[in-house]
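Next come a sequence and a model predicted from it.
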Amino acid sequence: MMRKFLTIACIYGFFGIAFGAFGAHGIKGKIDPERYANYRVGIEYLFFHLVPLIYLSTQHISKRLNLAGWFFTIGILLFTGSNLLMTTQELHHINFKFIWPTTPIGGVLMMLGWALLIIHSLNRSEK
């Protein structure tokens, strides 16, 4: 089994709760409403993508599923991380705009992870 992805999902879940609570109680009303909405998207995408990581932790090791897990892991980090840093600029006063390309790269990696799960699912149904 690929337990490393369960550990990663648990770590991301822990930080997702922490950043979600910080967003709801620490920054709401302190940053522009559009930025706050974008902040929430980052948190939501983090949690949506814990599901495939947990699923992967229950599967037998395969190259395809391992790659999917790493696509999700890195995609979540890039998408959510860059999103949170850029949307909270009003609080930390650091212009992280230069990292904007990592947001769509993270999104593409998550999509690739889903694509590999689709292929895995189709191959399993044929057996």
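Ah, there it is.

residues touching residue 10, list them.
Residues near residue 10 by Cβ atoms under 8 Å, 6 or more residues apart in numbering: none. C-beta here means a position set from N, CA and C on the backbone, and glycine is covered the same way.

Least confident secondary structure element in the chain?
The helix or strand of the chain with the lowest confidence, counting by mean pLDDT, DSSP states H and E, is helix 89-92 at a mean of 88.

can you pull out the helices in the protein?
3-22, 33-48, 50-57, 63-87, 89-92, 102-125 (DSSP state H).

now for the longest one, which elements pack on it?
Under the contact criterion of 3 or more Cβ pairs under 8 Å, 6 or more residues apart in numbering; DSSP states H and E, the helices and strands touching helix 63-87 comprise helix 3-22, helix 33-48, helix 50-57, helix 102-125.

Out of those helices, which is the most enclosed?
Of all the helices and strands packed on helix 63-87, helix 50-57 has the most neighbours on average by mean count of other Cβ atoms under 10 Å, namely a mean of 19.
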